[in-house]
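K.L.:
Here you go, sequence then predicted model.
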Amino acid sequence: MTQSRPDALPGDPRFFDRQGPFSVAELAESAEAEIVGPETAAGVSLRGVAPLQAATSQEISFLDNRRYLPLLAETKAGAVILASAFKDKLPEGVVGLVSKAPYLAWARIAARFHPVVSARAGVHPTAWVDESAILGEGVEIGPFATISARATIGDGTVIAAHAAIGEGVIIGAHNRIGTHVSISHAILGDRVTLYPGVRIGQDGFGFAVGPAGFETVPQLGRVILEHDVEIGANSTIDRGSMRDTIIGAGTRIDNLVQIGHNAQLGRCCIVVSQAGISGSTELGDFVTIAAQAGLIGHIKIGEKARVGAQCGVMSDVEAGADVIGSPAVPFREYFRNVAFLRRLAKKDVKGES
Amino acid sequence: MTQSRPDALPGDPRFFDRQGPFSVAELAESAEAEIVGPETAAGVSLRGVAPLQAATSQEISFLDNRRYLPLLAETKAGAVILASAFKDKLPEGVVGLVSKAPYLAWARIAARFHPVVSARAGVHPTAWVDESAILGEGVEIGPFATISARATIGDGTVIAAHAAIGEGVIIGAHNRIGTHVSISHAILGDRVTLYPGVRIGQDGFGFAVGPAGFETVPQLGRVILEHDVEIGANSTIDRGSMRDTIIGAGTRIDNLVQIGHNAQLGRCCIVVSQAGISGSTELGDFVTIAAQAGLIGHIKIGEKARVGAQCGVMSDVEAGADVIGSPAVPFREYFRNVAFLRRLAKKDVKGES
Amino acid sequence: MTQSRPDALPGDPRFFDRQGPFSVAELAESAEAEIVGPETAAGVSLRGVAPLQAATSQEISFLDNRRYLPLLAETKAGAVILASAFKDKLPEGVVGLVSKAPYLAWARIAARFHPVVSARAGVHPTAWVDESAILGEGVEIGPFATISARATIGDGTVIAAHAAIGEGVIIGAHNRIGTHVSISHAILGDRVTLYPGVRIGQDGFGFAVGPAGFETVPQLGRVILEHDVEIGANSTIDRGSMRDTIIGAGTRIDNLVQIGHNAQLGRCCIVVSQAGISGSTELGDFVTIAAQAGLIGHIKIGEKARVGAQCGVMSDVEAGADVIGSPAVPFREYFRNVAFLRRLAKKDVKGES
């Protein structure tokens, strides 16, 4: 397939709107960066962003990792965002935008060229909106979306095709609710983004053993998603049983993540794909849970703690701690054990020979 | 956000219907519990359920774990369900409902206040029902649901918004099929509950290596979900290749679980979130598979066996056994090995210093 | 439930069309197999396929594993596909179809009886097709499917019920896009199959730390699915950030798999259920990733490498290597370590007693 060119420029116009061109001076201002180059540098006009190896003189690129220095040396980019430490490595004729936070500068400049698409106000003729639902100003409702009785949708929010908003659900302003999302028993703040297939507010996994089999325990809590929460495709967040399941402001959750009933996540946590957080477990602020990690129920993870990929956490983790392994141990201990075992097994092999 | 109050009372009327109030005597009868308190206790009127720390004198709460005894001491609840062993710990003025199975008693009392909502008989005007489909009495079909040719829906069953029922599928009575569920090549018993986004009956992962790449092996079995099965959000159950994939009566499966083709689960099994059961593997009755565990294909797990979280099971497990670790070992051996290694590694560190 | 008979014949006519009957000679030709039996064998008429224990004289069965030899001895099948090594084990009166690749022969004969259903050309009256979308010849669009502006659908492709095709998306010929699939920012080759609930092209998990919380990094790449790719139910493939996410021709991905932004998979890779491949990681051709394995970002897996179930891969893997464990080690080393530890722990127990 001719389409699979690894060097394709980003921002394919089939899929992305594009603003600009912008001058280096305009971009440097957006990014709070300092221009390095000849006096004419500020006036250079750029039309887009691209990686070092694909950029032409009309694109701006960036470097945030020492291992890509060889690509910097050969880049044809018009300008490159980078840290002060690397500014001497800029090739002849390439303008530098020196930033204390190059990746953030990059995010902002890329968003200048390709800003988030605004809501296209209006209800698609195929959508179903219950007459008791309340829609704010400038709301966009996509094809076949359903807005159930007494639901409230805040100003500027986009409800994409096929999304299902349940009875009484409250959604704040400027949310982006993706295709095929279902939401029930939930209250969402402002600027919340849910990617396609997210499931919010269904019953938690709760049942008691009765004489003739399992009996369901009514799940009587809600899901609260605070401001600026983002949740990845096909992730599932169960509503609480007796209290609410709460995702704190600014927290970002990746794809295929499971959050059990009554779980409470602090602000600005990161939960990477396929991780699972069991019922009633609590995370402080700024906690990171790496991919495929699993946390049992009823434990507390202190603020700024980091849980490694595939980690199995069976007890509380202190604030600021780094843990990994299954069962979880401090990062340092884990790698010491791995090295120790390797040494021991090698000796054993020698002993046998 | 003011909504994120951890002490919010459960059963928010935005989302939940509420019955009652009920007297302590009525509730004690529902729960087969014994009343402990002054003579007037039986007549006390209660309007809902709440956790110990949030309940007021109008709510009933419960205790099933010793570690919440401090909360019992300070509760303002009107009544508390608890085991006989804790009845002496009831604070002054709090009525006790003593039960041999407090959690089951709690499930029943909570369901008394908040019973499952019945089907609202009727087909939504936006739904698509093929003229050859057969709908039982009192069936509810939600917005944009599709019922394909020759499908059969039993009495009192709810098909939620956006669900897709494939050709010839048989669904029993009083099922609850969630939003965005898709079902094909399947036969469902009575009282089956599928949460949003469940995928039932798609092709299993089967292919042979041909001269020009993989060639699909036709998947010619079905999925059978027996009575009272529940399956969590976004879980996937592939149909069999040559025989049926069968989920036994009363079995409960959590969110994001994968069940491969030809797998056969017994009655009243529990499969917790993000676990995976590979093709042709068989579980006896009352087997528990904890979160993120993985079972390879073509093995047998004996009845009442328990497989721990993140466990990797590569061979048969005997009835009644507890296994954990990857590869799986008996529970006891696993924790002995963990402790042994920790000791060994510590010695090693000392030896080096 | 009477439906749960493990011995039910495959190909239930409620769900599967059936061609035939076919003579042994016709089937042997399809499968490039040699007939073993009396002179009349070639003319024997068969009406379907079945496993050894369920087949009658009118069905053909197959054997590809020594452990099912006892079933061969007792089979009532009319004919059995098998390797030359087993042909002496055929019971009296059962015709043999001897093949060098019995499983492939089986796939082809089963597909002869039950061929893939062709597209039923036409747009369902409830579907929404934007007037700027382009539909090829013989395209089938199911109920409530949405085809957005400027999307292109190739000849003979089936878009199932409730699928959502985003703006500008290009879909090749003879694709099968399942129910509730969502696709955006993507270009698909020919004969691509997406099972229900697949998510293609949503934003990758990318953000920078800003002064007031996380700031989204625009995700400006696409997803490229080359010819003959298959992706299992509820799997998620994020679009690239700066380059494309690419799935190579013929690659097969199972259910609930996560593929991060910028990942690049080669041709004919196999990725089993619940595995996760992090951003910017690259797989060569013919790589196998077993169930629940996790690969960190920015690594390379050489062609024909095999990654075991639940493996945690944190660095490059050489072409042809077999790795397992978390962290990953060569297969051989892993099982040696497991055995060594078991021995060591046993000694320890003895030493204590």
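P.N.:
Yep, it's here.
K.L.:
Residues of the stretch 101-250 of chain A that sit close to chain C?
P.N.:
Residues of the stretch 101-250 of chain A lying close to chain C (Cβ under 8 Å from any Cβ of the partner chain) are A:101, A:103-104, A:106-108, A:110-111, A:113-114, A:116, A:124, A:126, A:142-144, A:160-162, A:178-180, A:195-197, A:228, A:230, A:232-234, A:249-250. Every residue, glycine included, has its C-beta placed from N, CA and C.
K.L.:
Going by residue numbers, what spans are helices in the stretch 1-150 of chain A?
P.N.:
A:24-31, A:69-74, A:102-113 (DSSP state H, counting those that start in this stretch).
K.L.:
angle of the longest one against helix A:24-31?
P.N.:
Orientation of helix A:102-113 against helix A:24-31 (axes from the mean of the first three to the mean of the last three Cα atoms, to 10 degrees) gives an angle of 120 degrees.
K.L.:
what's in contact with helix A:102-113?
P.N.:
Helix A:102-113 is contacted from outside by A:11, A:18-20, A:22, A:26-27, A:30-33, A:47-49, A:60, A:62-64, A:81-83, A:97, A:99, C:207-210, C:215-218, C:220, using Cβ atoms under 8 Å, 6 or more residues apart in numbering or on different chains.
K.L.:
Got a PyMOL select line for the buried ones in those residues?
P.N.:
The following PyMOL line selects those of the contacts of helix A:102-113 that are buried, judged by 16 or more other Cβ atoms under 10 Å in any protein chain shown:
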select buried, (chain A and resi 11+20+22+26+27+31+33+47+48+49+60+62+63+64+81+82+83+97+99) or (chain C and resi 207+208+216+217+218+220)
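K.L.:
ok, now which ones touch the residue lying closest to A:Arg336 once chain neighbours are set aside?
P.N.:
Spatial nearest neighbour of A:Arg336, excluding adjacent residues (Cβ to Cβ, 6 or more residues apart in numbering or on different chains): B:Ala345 at 6.4 Å. By Cβ under 8 Å, 6+ apart, the contact list for B:Ala345 reads A:Glu333, A:Arg336, A:Asn337, A:Phe340.
K.L.:
ditto for A:Gly93
P.N.:
By Cβ under 8 Å, 6+ apart, no residues touch A:Gly93.
K.L.:
ok, now how distant is it from B:Asn337?
P.N.:
Going from A:Gly93 to B:Asn337 by Cβ to Cβ, to the nearest Å gives 61 Å.
K.L.:
Same check on A:Gly178?
P.N.:
From A:Gly178 to B:Asn337 the distance is 45 Å (Cβ to Cβ).
K.L.:
what does A:Arg199 give?
P.N.:
38 Å.
K.L.:
can you confirm the residue nearest to A:Arg336 is in a helix?
P.N.:
Yes: residue state for B:Ala345 (DSSP: H, G, I helix; E, B strand; the rest coil) corresponds to a helix.
K.L.:
Please tell me how far it sits from B:Pro115.
P.N.:
B:Ala345 is 55 Å from B:Pro115, by Cβ to Cβ.
K.L.:
give me phi/psi at the residue nearest the centre of chain A?
P.N.:
Note on chain A: the residue nearest the mean C-alpha position is A:Arg252, at 4.4 Å, using Cα atoms, centre = their mean. Taking degrees, to the nearest 10, you get phi -120, psi 120 for the backbone angles of A:Arg252.
K.L.:
got the contact list for the nearest residue to A:Ser273 once chain neighbours are set aside?
P.N.:
Leaving aside its sequence neighbours, A:Ser273 sits nearest to A:Asp254 (Cβ to Cβ, 6+ apart; 4.0 Å). Contacts for A:Asp254 (Cβ under 8 Å, 6+ apart) come out as A:Gly232, A:Ser235, A:Val271, A:Val272, A:Ser273, A:Gln274, A:Ala275, A:Ala291, C:Phe205, C:Gln258.
K.L.:
Please tell me how far A:Asp254 sits from A:Gly294.
P.N.:
To A:Gly294, A:Asp254 is 15 Å away according to Cβ to Cβ.
K.L.:
How many neighbouring residues does A:Val181 have?
P.N.:
Here the number of neighbours of A:Val181 (other Cβ atoms under 10 Å in any protein chain shown) works out to 29.
K.L.:
from what I can see it touches A:Val198, true?
P.N.:
Yes: with contact defined as Cβ atoms under 8 Å, A:Val181 and A:Val198 form a contacting pair (4.8 Å).
K.L.:
what do these two both touch?
P.N.:
With contacts defined as Cβ under 8 Å, 6+ apart, no residue is shared by A:Val181 and A:Val198.
K.L.:
So which bits of the stretch 1-150 of chain A are right by chain B?
P.N.:
A:Trp128, A:Phe144, A:Thr146, A:Ser148, A:Arg150.
K.L.:
For chain C, see how far away A:Gly266 is.
P.N.:
According to Cβ to the nearest Cβ, to the nearest Å, A:Gly266 and chain C sit 12 Å apart.
K.L.:
Contacts only, for the closest residue in space to that residue that isn't next to it in sequence.
P.N.:
Excluding the flanking residues, the one nearest A:Gly266 by Cβ to Cβ, 6+ apart is A:Asp285, at 3.7 Å. Contacts were defined as Cβ under 8 Å, 6+ apart; by that measure A:Asp285 touches A:Gly248, A:Gly266, A:Arg267, A:Cys268, A:Cys269, A:Glu303, A:Lys304.
K.L.:
again, only this time at 7 Å
P.N.:
A:Gly248, A:Gly266, A:Arg267, A:Cys268, A:Glu303 (Cβ atoms under 7 Å, 6 or more residues apart in numbering or on different chains).
K.L.:
burial of the spatially closest residue to A:Arg150 that is not a sequence neighbour, as a residue count?
P.N.:
Nearest residue to A:Arg150 in three dimensions, chain neighbours excluded: A:Gly168, at 4.7 Å (Cβ to Cβ, 6+ apart). When neighbours are defined as other Cβ under 10 Å, A:Gly168 has 22 of them.
K.L.:
Mind pulling up the pLDDT for A:Gly168?
P.N.:
On pLDDT, A:Gly168 comes in at 98.
K.L.:
Then the one 3 residues further on?
P.N.:
With respect to pLDDT, A:Ile171 scores 98.
K.L.:
who's it bridged to?
P.N.:
Counting by DSSP bridges, A:Ile171 is bridged to A:Ile153, A:Leu188.
K.L.:
My guess is it contacts A:Asp190. True?
P.N.:
No: using Cβ atoms under 7 Å, A:Ile171 is not in contact with A:Asp190, being 9.3 Å away.
K.L.:
what helix or strand does A:Arg267 sit in?
P.N.:
A:Arg267 belongs to no helix or strand when assigned by DSSP states H and E.
K.L.:
gap between it and chain B?
P.N.:
11 Å.
K.L.:
And the worst-scoring helix or strand of chain A on mean pLDDT, how far out from the chain middle?
P.N.:
Of all helical and strand segments in chain A, the minimum by mean pLDDT, DSSP states H and E falls on helix A:331-352, at a mean of 77. Centroid separation between helix A:331-352 and its chain, computed with Cα atoms, centre = their mean, to the nearest Å, is 37 Å.
K.L.:
hmm, back to that, which of the contacts of A:Asp285 lies closest to C:Thr281?
P.N.:
Distance to C:Thr281, by Cβ to Cβ, is smallest for A:Cys268 among the contacts of A:Asp285, at 26.1 Å.
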